[in-house]
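S.K.: Using only what follows, build the 3D model:
(one chain, ligands or ions: 1)
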Amino acid sequence: MRSVMMYGPGDVRTEEREPPGIIEPTDAIIRLSATCICGSDLWPYRGEEPLFRTPQAMGHEYVGVVEQIGSDVKNVTVGDFVVGSFVASDNTCDICLAGYQSRCRHNVMMGSIGTQAELARIPLADGTLVATPGQPDRDLIPSLLAASDVLGTGWYAATAAGAGPGRSIAVVGDGAVGLSAILAAKLLGTERIIAFSRHPDRQTLASAFGATDIVEERGDAGAARVKELTEGYGAHGTAEAVGTQESMWQAIHSTRPGGYVGYVGVSHGVELDGLQLFFSSVHLHGGPAPVRHYLPELIQLIWDGSIDPGRVFDLTLPIEDASEGYRAMDERRATKVLLTF
Ligand SMILES: [Zn+2]
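M.R.: Numbering: from 1, shown residues only. The predicted model follows:
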């Protein structure tokens, strides 16, 4: 099968590799309908995060059709169209039942398996996979794929930031997750949604998804602008979808005392000064999003045509051209790249 492999920073190749088979009786094998490149794949691409192994099979987002199931799998069957999270989870342990499936006691990071491929082994299939109500139309596939990570992650960020009626929510990060957080905040009834963005195409999509204000300044200047827009206090909550030192303080400083910061950008080199944090008086809640928790609801919203998160994909390439997809995202020529077979 064709699969995307990373050999080192800037070195991505599409190669033939052995198709996966069932290892555990709780596994399923799916044939992917489409896959995609994540902003987090850029960390190793830029040499800012080590590979698990060399070469490393890439990818952790997936939708597709179940091709084979292990002997213990009961909740999905061969032929089902399924969506799963970027973390496999049993969905039965106490951590899962509390709504934190991405930190399941038996979690498997799908990035360690690699889903930028024609086939993928899904561990803990009963807990991980959610079947759609039927076979989707071709045009729903990008949105269902977005639900596998960026939409669910944006949803978690917006929820953790306290999005809802009567609230003002700022969103740091105009990548696919930040844009999805805007969409989520809008759907959750948020009154004012302030998007940080300097990129004209992303500003347009942010507005289409529900942003009421666009702020181009960054860092403390950006936070000061949010305070101006919110009677001097800052937003009720801020979704942070970048993961750098600057973005984290930008989020905290954009938030009023007693407010909420939902942080989902994978943290790289962030160190928070305790005293500054102490006097910010904000709630911090984040981490890897429990996408599985939201999947049934998100799939239904997509199925009903209530949301169209697939619009975050602005470049579609055949899997053979994955290396160009990585380059386009690295150079910010593309927000998010869909790979087809
Ligand atoms: Zn669990």
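S.K.: Let me see the ranges of the strands in the stretch 1-150 of the chain.
M.R.: 2-8, 11-16, 28-37, 56-57, 63-69, 81-84, 87-88, 108-109, 119-122, 129-131 (DSSP state E, counting those that start in this stretch).
S.K.: Test my guess that residue 113 contacts residue 124.
M.R.: No - with contact defined as Cβ atoms under 8 Å, residue 113 does not count as touching residue 124 (11.8 Å). C-beta here means a position set from N, CA and C on the backbone, and glycine is covered the same way.
S.K.: pLDDT score for residue 228?
M.R.: On the pLDDT scale, residue 228 is placed at 97.
S.K.: Tally up the residues packed near it, please.
M.R.: Using other Cβ atoms under 10 Å, the number of residues around residue 228 comes to 10.
S.K.: Residue 329: what secondary structure?
M.R.: helix (DSSP: H, G, I helix; E, B strand; the rest coil).
S.K.: oh sorry, the question was meant for residue 223
M.R.: helix.
S.K.: which ones are touching it?
M.R.: 234, 249, 250, 253, 254 (Cβ atoms under 8 Å, 6 or more residues apart in numbering).
S.K.: same for the one helix or strand residue 339 maps to, what does it pack against?
M.R.: Assessed by DSSP states H and E, residue 339 sits inside strand 337-340. Packed against strand 337-340, as judged by 3 or more Cβ pairs under 8 Å, 6 or more residues apart in numbering; DSSP states H and E, are the following elements: strand 28-37, strand 315-318, helix 322-330.
S.K.: Could you break this structure into its assigned domains?
M.R.: Here the domain assignment for the chain is 2-149+290-340, 154-286, based on automatic domain parsing.
S.K.: So which of the ones you listed is nearest the ion?
M.R.: domain 2-149+290-340 (3.0 Å; Cβ to the ion).
S.K.: Quick check: mean pLDDT of that closest one?
M.R.: 97.
S.K.: right, is it up against the ion?
M.R.: Yes - Domain 2-149+290-340 reaches the ion (Cβ under 5 Å from the ion) through 89, 90, 93, 96, 104.
S.K.: So of those residues, which two are at opposite extremes in space?
M.R.: 89 and 93 (8.0 Å; Cβ to Cβ).
S.K.: what do the two both touch?
M.R.: Common neighbours of residue 89 and residue 93 (Cβ under 8 Å, 6+ apart) are 104, 106.
S.K.: which ones are touching the spatially closest residue to residue 301 that is not a sequence neighbour?
M.R.: Sequence neighbours aside, residue 307 is the residue nearest to residue 301 in space, at 4.9 Å (criterion: Cβ to Cβ, 6 or more residues apart in numbering). Shown in contact with residue 307 (Cβ under 8 Å, 6+ apart): 143, 151, 183, 187, 298, 301.
S.K.: so what's the closest residue to residue 51 other than its chain neighbours up against?
M.R.: Using Cβ to Cβ, 6+ apart and skipping the chain neighbours, the partner closest in space to residue 51 is residue 44 (5.5 Å). Each residue near residue 44 by Cβ under 8 Å, 6+ apart is listed here: 6, 9, 50, 51, 56.
S.K.: do the same with residue 186
M.R.: 193, 209, 210.
S.K.: any idea which helix or strand carries it?
M.R.: Short version, using DSSP H and E: residue 186 is in helix 176-187.
S.K.: CA atoms of that helix as CSV?
M.R.: Output in CSV follows, covering the C-alpha atoms of helix 176-187 (Å, rounded to 0.1, in the frame of the first residue of the first chain):
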residue,chain,number,x,y,z
ALA,A,176,-7.3,24.7,10.9
VAL,A,177,-7.8,24.2,14.7
GLY,A,178,-8.2,28.0,15.5
LEU,A,179,-10.7,28.3,12.6
SER,A,180,-12.6,25.3,13.9
ALA,A,181,-12.6,26.8,17.4
ILE,A,182,-14.4,29.9,15.8
LEU,A,183,-16.9,27.6,14.2
ALA,A,184,-17.5,25.8,17.5
ALA,A,185,-17.8,29.1,19.5
LYS,A,186,-20.4,30.3,17.0
LEU,A,187,-22.4,27.1,17.1
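S.K.: Quick check: buried residues in it?
M.R.: Within helix 176-187, the residues that count as buried by 16 or more other Cβ atoms under 10 Å are 176, 177, 178, 179, 180, 181, 182, 183, 184, 185, 186, 187.
S.K.: can you put those in TSV and add pLDDT and distance to the ion?
M.R.: Below are those laid out as TSV (pLDDT from 0 to 100; distance: Cβ to the ion, whole Å):
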residue	pLDDT	distance to the ion
176	95	26
177	96	23
178	97	28
179	97	29
180	97	24
181	98	25
182	98	30
183	98	27
184	98	24
185	98	28
186	98	31
187	97	27
